[in-house]
Every structure is written in C-alpha cells, then in structure tokens.
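[1] Prediction below, plus the sequence it came from.
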Amino acid sequence: MQQTTLGLKSDSKGTMAQARPIAPTPLAMFVRERLAELEISQSDFCRRSTFDQGLLSKIQNSLVTSLSIESVLKLAVGLSVPPQQLFQLIDRSDLHDLVMQSYAQEFTAVVTGWLQGESPALAAEAQRVITEASAATKPPLVRPRRRRWPGENLNGSDNQDGMSNDVKPGM
C-alpha cells in the first residue's frame with residue numbers, strides 16, 4: 001500500500017521536519033485506479049469533466065475525505081461510475097438516498113408520462129413500483145444543525161445576574 005505524506009512542516013524552533021505519513025483513503029485508491037483504467041491523466045480528466053484539479057489532487061493524496069454532493073456527482077460522471085459507489089467510499093450512503101428521494105417524484109412523472117400513451121395499465125404499475133421503492137428508502141439520519149445567532153451564549157448558561165451576554169443596561 002502506497003503512503004503519502006503531508007510534506008514538510010516547521011517545529012517551534014523553525015527547523016523543518018517530515019510530517020507523519022497518511023494512509024490512502026478508499027476514495028483516493030479508487031480514483032487513482034479508475035484514472036489508470038481509463039488511461040487518462042489528472043489534468044485531462046479535470047479538463048474534460050470540469051472537475052477542480054486542486055480538489056482531485058487533494059482526493060488522490062488523501063488530504064480531503066468529505067465531498068459536497070456536487071463534487072461527488074461530477075466525479076462520478078467523469079469516472080463513469082455510479083454515484084452510489086463514491087458515496088459509499090466516503091461513508092455517506094445517506095446522501096445517495098437523499099438524492100434518490102429528491103428525484104423519485106420527478107422520475108415517476110416522466111416515466112408514467114411516457115408510458116401513458118402506450119399502456120395506461122403499465123403506467124399505473126410503473127408509478128406504483130417507483131412509489132413503493134422510494135418509500136422503502138429510509139430518510140437520512142441527519143440531525144438538523146441549530147444556528148447560533150450573534151451574541152448568543154455558547155455554553156447555554158446565563159450570567160450570574162440572570163441576563164445573557166447580549167446587552168446589559170448601563171454598560
């Protein structure tokens with residue numbers, strides 16, 4: 001297994017020291033292998049797929065382990081692989097489920113629209129199957145983030161005088 005390093009870093013005395021090695025992530029190994037299979041260089045891949053070359057380099061060097069949905073989808077299209085495979089490699093199958101759920105209704109409308117002229121019974125069956133399949137997909141287990149507003153007490157407790165840290169009279 002090939003290891004990459006973070007490069008050189010300076011310590012408190014200003015001397016340069018070798019950084020600790022990083023084991024390649026499953027995503028990094030997959031992307032390298034897939035680019036080799038496609039016989040395409042990093043720069044050619046990025047030019048063809050409009051994928052950010054800096055981000056691809058960070059992925060291949062295991063410096064980035066989480067990606068946006070947009071980045072995963074662009075990478076999947078460019079590598080000609082199903083997005084689900086990449087979502088699994090970054091341990092975010094919940095995002096794949098979310099994308100599938102978001103398109104389920106639109107897909108159902110398109111498919112049933114095409115089939116309606118050919119066979120209304122087949123269109124109804126297709127709609128039933130797609131609806132059933134989308135209902136079987138579990139919603140992602142993501143807790144909503146609570147937004148903190150400026151001046152909000154971060155530790156959740158009030159000051160001893162019972163007032164928050166926002167604005168105190170006479171100060």
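    Perfect, I can see it now.

[2] Met100: how many residues sit nearby?
    15 (other CB atoms under 10 Å). Where you see a C-beta, it was placed from the backbone N, CA and C, and this is true even at glycine.

[3] which helices and strands sit right next to the helix or strand hosting it?
    Using DSSP states H and E, Met100 falls within helix 93-118. Judged by 3 or more CB pairs under 8 Å, 6 or more residues apart in numbering; DSSP states H and E, helix 93-118 is in contact with helix 69-79, helix 83-89, helix 120-136.

[4] Go through those and name the closest to Leu56.
    Leu56 lies closest to helix 69-79 among the helices and strands packed on helix 93-118, at 7.9 Å (CB to CB).

[5] so that closest one versus helix 93-118, what angle?
    Angle between the axes of helix 69-79 and helix 93-118 is 70 degrees (criterion: axes from the mean of the first three to the mean of the last three CA atoms, to 10 degrees).

[6] Mind checking the pLDDT average for helix 69-79?
    Here helix 69-79 scores 95 as its mean pLDDT.

[7] now stretch 46-56
    Per-residue scores along stretch 46-56 average to 95.

[8] okay, how far is it across it, tip to tip?
    End-to-end span of stretch 46-56 (CA to CA, to the nearest Å): 8 Å.

[9] what's next to it, contact-wise?
    Contact partners of stretch 46-56, identified using CB atoms under 8 Å, 6 or more residues apart in numbering, comprise 31, 40, 42-43, 45, 64, 67, 71, 74-75, 77-78.

[10] Let me know the closest of these to Thr108.
    Using CB to CB, these come closest to Thr108 at Val77, 23.0 Å.

[11] Excluding chain neighbours, what is closest to that closest one?
    Spatially, and ignoring its direct neighbours in sequence, Val77 is nearest to Ser49 (6.5 Å; CB to CB, 6 or more residues apart in numbering).
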